[in-house]
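Q: What follows is a predicted structure for the sequence shown.
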Amino acid sequence: MKTTTSGPRTKVLNDEFNSRNFKLFEKRSIVEGRFVDFTEFRELDIERLFEVLGWKSFVEVKEQVYPRLVKAFYAHMNFNTCEMDVQIVCTLKGQRIELDKEVISKIFEIPDVGRCVHTYDSWAFNGEAMSRIIMERDSTQGDDEEDDDAIPPKPKANELPLRSRILHHIISNNIIPRGGHRDEISFTDLYLIFCLLEGIRTNLPFLILHKMADGNNVARDPNLPYGMALTRIFRYFKVNLDDETEISPPKSDYNKTTIKLMGYKFQNGRWISKKRGRVEDEEREEDIGGSSTQFNDGAFNTLHGRIESLCTSHDELKLQVQNGFQNLYSYVDTSMTNLRNDLLQQLQANHQANAEVQAQILEQLRHLNFRGPPPSL
């Protein structure tokens, strides 16, 4: 697509960064995205899942983030949606940005193929089959025959097996980013996990464009997605980044530390839940002790359930605190930058106004019939 330049830079800055519409977006948070280090997940075979769908290059994007440009992009975008495509148009610093599926595919080297879906609401029809794949349950496991047609409940994030849980984190941070905690799973999240596990083609460019369009509407999404990905788009359309304040990408990549924070440990060539490891140790001790030690199964299961719930909540809390600090640092950095820019603009405006007043006074004094030079100001 062509890029064009229009108007002097001063006018562009006034239009884009001082407009009423921009002020509405100035305080909104940005979801930058997180780099996925696939080499850390070899035992889980996650890299292959993204390679099959051609999504690997998108979740490996790692760029600086330019908050002011991101907010201006969402504040001033115009978009048009249809059943099979989304077109987004925005002008930043005189450079016209035009996005559609073909352009997104080219910029991020991801295929423009597959079913065009941006929301999923068919859990009631396909939930049983999807749940077995996502929860890694064998077809012979499960409910009695009378419950075969029952709709499975939507799982919580901490109920997912490890591989599905990591996929959910990557999806909710990179594919369809959103702020806040990751405890709840949307039906669209579940559908995308299912697509990755089963190799079902879904059109990622279409999904990205729809999520960007949602970012223009605070009622749909209070956070602005794709912070790092937008930097790649700005560079593609040659938007000037030299005078912009940047934020470094999040330091916490998706790696083995992420898995450990979820409550897992690597043992005997595989990842196992720390809670499961404790239960296995207790069962082994029971076998060694023989019949001399008696357990009340009901009490034991109740106690184990409470301990498991506490451990899971603790692991989720650690992740939430880590993400919360990252968001806080980004917010403070952006706020201080905006305050500094506002003060500089005010000082420049005051200096220019004082200079103009002095020039007017001197000009008036020159037209008066004073003897001698006018007094110095």
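A: All right, it came through fine. Please read all numbers here as calculations on a predicted model, not as lab measurements. Numbers count the residues shown, from 1 in each chain.
Q: check which helix or strand covers Asp214.
A: helix 204-215 (DSSP states H and E).
Q: Show me where the stretch 51-200 of the chain has its strands.
A: With DSSP state E, counting those that start in this stretch, the ranges of strands along the stretch 51-200 of the chain come out as 78-81, 86-92, 95-99.
Q: Check the ones you listed for me: which has the lowest mean pLDDT.
A: Among these, strand 78-81 carries the lowest mean pLDDT, a mean of 90.
Q: Spit out the contact partners of Ile97.
A: Thr3, Phe73, Ile88, Val89, Cys90, Thr91, Ile233, Phe234, Phe237, Val239 (Cβ atoms under 8 Å, 6 or more residues apart in numbering). To be clear about C-beta, it is placed using only N, CA and C from the backbone, and glycine gets the same treatment.
Q: Generate a ChimeraX selection restricted to the buried subset of these.
A: The ChimeraX selection below is limited to those of the contacts of Ile97 classed as buried (16 or more other Cβ atoms under 10 Å):
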select :73,88,90,91,233,234,237,239
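Q: now the contacts of Ile97 in JSON lines, with distance to Val65?
A: JSON lines is the format used below for the contacts of Ile97 (distance: Cβ to Cβ, whole Å):
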{"residue": "Thr3", "distance to Val65": "21"}
{"residue": "Phe73", "distance to Val65": "12"}
{"residue": "Ile88", "distance to Val65": "19"}
{"residue": "Val89", "distance to Val65": "22"}
{"residue": "Cys90", "distance to Val65": "17"}
{"residue": "Thr91", "distance to Val65": "20"}
{"residue": "Ile233", "distance to Val65": "12"}
{"residue": "Phe234", "distance to Val65": "10"}
{"residue": "Phe237", "distance to Val65": "17"}
{"residue": "Val239", "distance to Val65": "14"}
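Q: just the contacts of Ile97 now: which is nearest Glu98?
A: Relative to Glu98, the closest of the contacts of Ile97 is Val89; by Cβ to Cβ it sits at 5.4 Å.
Q: From Asp243, how far out is the closest one?
A: Separation of Val89 from Asp243 (Cβ to Cβ, to the nearest Å): 24 Å.
Q: can you check Glu47 too?
A: Distance of Glu47 to Asp243, computed by Cβ to Cβ: 38 Å.
Q: Look at those two and report which has more neighbours.
A: Between Glu47 and Asp243, counting by other Cβ atoms under 10 Å, Glu47 is the more crowded of the two (17 against 9).
Q: would you say that one is within a strand?
A: No: counting by DSSP: H, G, I helix; E, B strand; the rest coil, Glu47 is not part of a strand but helix.
Q: circling back to that earlier point, so for Ser172, which of the strands of the stretch 51-200 of the chain sits nearest?
A: Between these, strand 86-92 lies closest to Ser172; by Cβ to Cβ that is 20.6 Å.
Q: Okay, now the sheet partners of that closest one, with direction.
A: strand 78-81 (antiparallel), strand 95-99 (antiparallel) (DSSP bridges).
Q: Cool, thanks, talk later.
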